[in-house]
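[1] build me a model:
(chains A and B)
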Amino acid sequence: MQIFPCPFCGPRDETEFHFAAEAGKHRPEPAPEVTDTAWSDYLYGADAPKGRAREVWVHLTCGEFLLLTRDTVTREVLDAAALPGRGEAAT
Amino acid sequence: MSGWRHPTLGQIDRDRHLRFTFDGEGHTGYAGDTLASALLASGTRVLGRSFKYHRPRGLWGLGGEEPNALFDVGHGGISTPNCRATLTPLRDGMDLRAVNTRKAARDPLGLLDLAQRFLPAGFYYKTFMAGGWMRWEPMIRRMAGLGRLDPSNRPSGDMPQRNARCDLLVIGAGPAGLAAARAAAGHGATVWLLDEAGAPGGTLRWRGGEIEGGPWQDFVADTVQKVEAAGGRVLTDTTLWGAFDHGLFAAWQRGARDFHWRIRAAKVVLAAGAIERPLWFANNDLPGVMSAEAALHHLVLYGAVAGRRIVLATGNDGSYPVAAALAEAGCHVTLLDAREDTPAAPEGVEVRRGVAIDAARGTRSLGAVRAGGQHIDADTALVSGGYTPSVHLHCQTGGKLDWDVDRDALIPRPGTSPLIPAGAANGTFGLNAALAEGHAAGGGMGSAPNAAGATWALAPMRPDPKGRGRVWIDPQNDVTLKDVKLAAQEGYRSVEHLKRYTTLGMATDQGRSSNFAGLAAMAALTGRTIPETGTTTYRPPFTPIPLTALGGMRRGALFNPLKRLALEPQHAALGATFGEYGGWRRPAKYSDTQAEAKGARETFGLYDASPLGKIEVIGPGAAELLDFCGYVAMSTLKPGRARYGFMLGENGVVADDGVTLRLDDNRFILSASSSHVDHVRLILEEARQDRFDPSRVFVHDVTAQWVTLSVSGPQARTALETAGMPDDVTALRHMQVVETRWTQVPLRAARVSFTGDACWELSVPARHAPGLMTVLEGAREALGGHWIGLEALMILRAEKGYILIGKDTDGITMPQDLGWGRPRERRQDEYFGRRALFTPEAMREDRRQLVGLDCDGAPLPTGAHLVPLDGPARSLGFVTSSYHSPTLNRSVALALVDAGLDRMGDTLGVFHLGQHRTARICAPCAFDPEGTRLAD
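    From the prediction side, this is the model:
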């Protein structure tokens, strides 16, 4: 059972969190300019890196999304930060 | 019959006799006995039958490694399967049953053993796959397997799950664990010291010893006192069964009440000891062949003596104290040491050097052994093939192993696991060395506790691949040396393949006493070293644990607690029958569903719609957020109005539908479906935080804070007037909303309909709900209205062709399939799921579309397939909702059908469980298609 640090609530049990997206994945738009392939890559293509990974998770109990940097092999959590622009809201 | 009870030895209470039965025969033991010691002392030899050949099996070990002595234990009217005799305390009145047999002593299936030549590894799969495995499986299952489940045994689900934190967790309270705990507690650390056995001490309890110049008992008592004084705990009868991510350890504590612990520690010392290896000779599975360490354990702790004429075969110094203790207890002991260079013979023990057992003799239990060409009469053969460190938890955390030639064992590789190994678990045998290593692991300064030094030397013992006869490697799963040879011949040389091909080590003892031998045999057969051959993966649990430990309180009503309506008592008083719908406990009906549905159309129906989602979206960015997240634009909605819309996934599939209310420019309420509220809120939150300026819009789920009662039907307005609702409520037209006050109570009223009749949804803060219900109930009594349950509402909405997402749609349904193609064609702005509505798949004209079905007779079964009337049978779609309509006096149904819109008026076959009917495709709306009743 992993422990993730919510930037707003502190360390919490992994069952309180939900994976949202791989970080840095930009939604291709506007729709008319997006090819079928680009859209399906966005929907279904995941890097799923072995080792260091940057991901967006949501802390379900407080509803805040966060940037989690972790090692998918060792399960070590390297960093957890509020989404860009959200740091002020936390303090 | 050869085990016996020593008249004085052991820590049992000889004044308290406990009666028990084994396979129906009565026995007596003493308080303090385990099932294993009581049966050993009673002289019972055959305790079970093996998994495959039904060979007789006797007691082998002393703890969780026991492969043979498993019982179904009946006590207090409850039968618990597969209890390990070595770990289960004896209680008065227990009824023990051997597993995998009707009666251990006499098992007609033992004849299978005569056919062993024809039952090699993989026999059942190779043989019975032909002709269909499923045909044979029930028969094979009856012959194999372990304990029997008693369906009447419903163990209480009240095992508490507790969380704990400590500075140091010490796994195993033997010499090394005690020294580690003592050292850490000495400088103030909070230490948790756990042991699987009933008391701390580990091997000290039967091997004894002097520590710091005093008896070992003083050392244990003093250490326990120091640990507890520093705020730590010592838990016995507690199995640490699993290591998990981020330093979580799980332990099962047994006692008058069991507990399941989840422990996180800053530092963990693994002092789990080692497990004795057997020796490998022909018929080494005969009852009477037993671990030497276990024999000493049972003698010292319980006065249970393994036999009278004992042969002890070994290759290490650890067996000499065993021989000495048994000789002193009055046994005739012959010690066979494979080595030439041995310690001196203990008093009363005959030592033969350079000799090993070649074969055991006996039918149902041991009668003699052949060793070095000589026949030796013996009722018991104690064996010690060395010790295997218990590295399971080290490996569970990802730790690697190194082969250590001197210690003749695979030991934890430093730096590969957060656990610090100490003592025998690290291959450090011998009391003094274990104490020193434990002391260092616990962070101890200065000199470690000192014990009188005993010698510790060993010679490696290995199975001989050329040995004759049937040599058992894994007694529980009936794997012999021949099976390992067969695996090697057939190319299953990796240990992982060996394990799966022969089932070696896959029994409930997880190969504690057998894996090493299988590994060593495979190494010898393939000409590789042991490290080259490798080990299998270690996974939790370390020993089998009851599911009740994992489940804890989460069962029955607490498994997935239902949400309750604020007005549940009032509904119950009205005679409601409740059911579970989308996680809510709601009235299914009050009297008769058909009468309720008919009555609601004739006068009016009252319905508790509180679980309907109420997600407030507030702020200057609210309209922008809703436009992006929804399929139907809401920025064009005027304040005071309501609009129906959908929420899609990014894959274009409909995720939810519902009405959005605009209260003012910057304030919306989104009515998500009752069971989709959390999902909708998360979609809104993700867009709010990851796409928009979160300071301009706020999302707030107030579903539970407001109670909603709906009033629907031709007399709904009259009912509201009778109930004293304000004029701005009764004056509302369809799809209008108003915030007002009823008496002093905030009231939100919306003309939104899921019934097809004029309908008011009245929402008040939950604390005012009883008052609102009282006035509506008054109006109902006065005017002859009806309370309607969820089942009646299902009929009303199906008559109108109103859908439920997830029931009338599936995982590929897009809005255009539901007749909602216009936003897709019209909207130019970006919205959630937009791009996916324009893929070639989404653009197909013949997609599976929502239609109505018209049929004669009883309602069609939901889920029935629609098939062509002629041509090859194939599914064109299925019935999603189907009811008898009391108003129309016929069946109504909704369905998803391929190219359904092109099939309007066509007749299709309906196939369900072998029954054929027909139905005509029609529009989804069967009642009031013009919507005149809504316009009122």
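
[2] ok, longest helix in chain A?
    As assigned by DSSP state H, the longest helix anywhere in chain A is helix A:36-44.

[3] contact partners of it?
    The contact list for helix A:36-44 (CB atoms under 8 Å, 6 or more residues apart in numbering or on different chains) reads A:25, A:27-28, B:650-651, B:835-836, B:839-840. Yep, even glycine has a C-beta here, placed from its N, CA and C like the rest.

[4] who wins for neighbours among those residues?
    B:Arg835 (28 neighbours; other CB atoms under 10 Å in any protein chain shown).

[5] list the contacts for that one?
    For B:Arg835, the contacting residues are A:28-29, A:31, A:34, A:39, B:652, by CB under 8 Å, 6+ apart.

[6] any idea how far it lies from B:Arg688?
    Separation of B:Arg835 from B:Arg688 (CB to CB, to the nearest Å) stands at 21 Å.

[7] next to chain B, which bits of chain A? Give me the list.
    Within chain A, the positions adjacent to chain B are A:1-3, A:14, A:18, A:20, A:28-32, A:34, A:36, A:39-40, A:42-43, A:56, A:58, A:60, A:63-65, A:74-75, A:83, A:85-86, A:89 by CB under 8 Å from any CB of the partner chain.

[8] what subset of those residues is buried?
    Neighbour counting with 16 or more other CB atoms under 10 Å in any protein chain shown marks A:2-3, A:20, A:31, A:34, A:39, A:42, A:56, A:58, A:60, A:63-65, A:83, A:86 as buried within the residues of chain A next to chain B.

[9] tell me which of these fall in strands.
    A:3, A:20, A:56, A:58, A:64-65 (DSSP state E).

[10] OK, contacts around the residue nearest the centre of chain A?
    Chain A has A:Val56 as the residue nearest its centroid, 1.0 Å off, counting by CA atoms, centre = their mean. Each residue near A:Val56 by CB under 8 Å, 6+ apart is listed here: A:19-23, A:65-68, A:83, B:690.

[11] which of the buried ones among the residues of chain A next to chain B sit farthest apart?
    Spatially, the most separated pair among those is A:Ile3 and A:Ala31, at 39.8 Å (CB to CB).

[12] what residues does the stretch 601-750 of chain B have near chain A?
    Counting by CB under 8 Å from any CB, the stretch 601-750 of chain B comes close to chain A at B:650-651, B:681-682, B:685-686, B:689-690, B:694-695, B:699.

[13] the residue in chain A positioned nearest to chain B and B:Gln828, how far apart?
    Chain A approaches chain B most closely through A:Ala31 (4.0 Å), counting by CB to the nearest CB. A:Ala31 sits 10 Å away from B:Gln828, going by CB to CB.

[14] again with B:Met773
    As judged by CB to CB, B:Met773 and B:Gln828 stand 46 Å apart.

[15] can you check B:Ala572 too?
    As defined by CB to CB, B:Ala572 lies at a distance of 52 Å from B:Gln828.

[16] just the helices in chain A please.
    Counting by DSSP H, the helices of chain A are A:36-44, A:87-90.

[17] would you single out the least confident of those?
    In terms of average pLDDT, helix A:87-90 trails the rest of the helices of chain A, at a mean of 44.

[18] about what we covered before: rebuild the contacts of A:Val56 as JSON lines, extending it with pLDDT and distance to B:Ala121.
    Output for the contacts of A:Val56, formatted as JSON lines (pLDDT from 0 to 100; distance: CB to CB, whole Å):
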{"residue": "A:Phe19", "pLDDT": "95", "distance to B:Ala121": "42"}
{"residue": "A:Ala20", "pLDDT": "94", "distance to B:Ala121": "48"}
{"residue": "A:Ala21", "pLDDT": "93", "distance to B:Ala121": "48"}
{"residue": "A:Glu22", "pLDDT": "94", "distance to B:Ala121": "45"}
{"residue": "A:Ala23", "pLDDT": "93", "distance to B:Ala121": "49"}
{"residue": "A:Phe65", "pLDDT": "95", "distance to B:Ala121": "53"}
{"residue": "A:Leu66", "pLDDT": "95", "distance to B:Ala121": "52"}
{"residue": "A:Leu67", "pLDDT": "96", "distance to B:Ala121": "52"}
{"residue": "A:Leu68", "pLDDT": "96", "distance to B:Ala121": "47"}
{"residue": "A:Leu83", "pLDDT": "88", "distance to B:Ala121": "56"}
{"residue": "B:Asp690", "pLDDT": "91", "distance to B:Ala121": "55"}
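
[19] among those residues, name the buried ones.
    A:20, A:65-68, A:83, B:690.

[20] need the contact list for the residue of the stretch 351-500 of chain B found nearest chain A.
    When CB to the nearest CB is the measure, the stretch 351-500 of chain B has its nearest residue to chain A at B:Gly398, with 7.9 Å between them. Neighbouring residues of B:Gly398 by CB under 8 Å, 6+ apart: A:74, B:416-417.

[21] sec struct for it, please.
    With DSSP: H, G, I helix; E, B strand; the rest coil as the basis, B:Gly398 sits in coil.

[22] mind listing the helices for the stretch 51-200 of chain B?
    Using DSSP state H, counting those that start in this stretch, the helices found in the stretch 51-200 of chain B span residues B:123-128, B:133-143, B:175-186.

[23] mind putting those helices into TSV with mean neighbour count, mean pLDDT and distance to B:Asn666?
    Shown next, in TSV, are the helices of the stretch 51-200 of chain B (neighbours: other CB atoms under 10 Å in any protein chain shown; pLDDT from 0 to 100; distance: least, CB to CB, whole Å):
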stretch	mean neighbour count	mean pLDDT	distance to B:Asn666
helix B:123-128	13	70	68
helix B:133-143	11	72	64
helix B:175-186	30	97	60
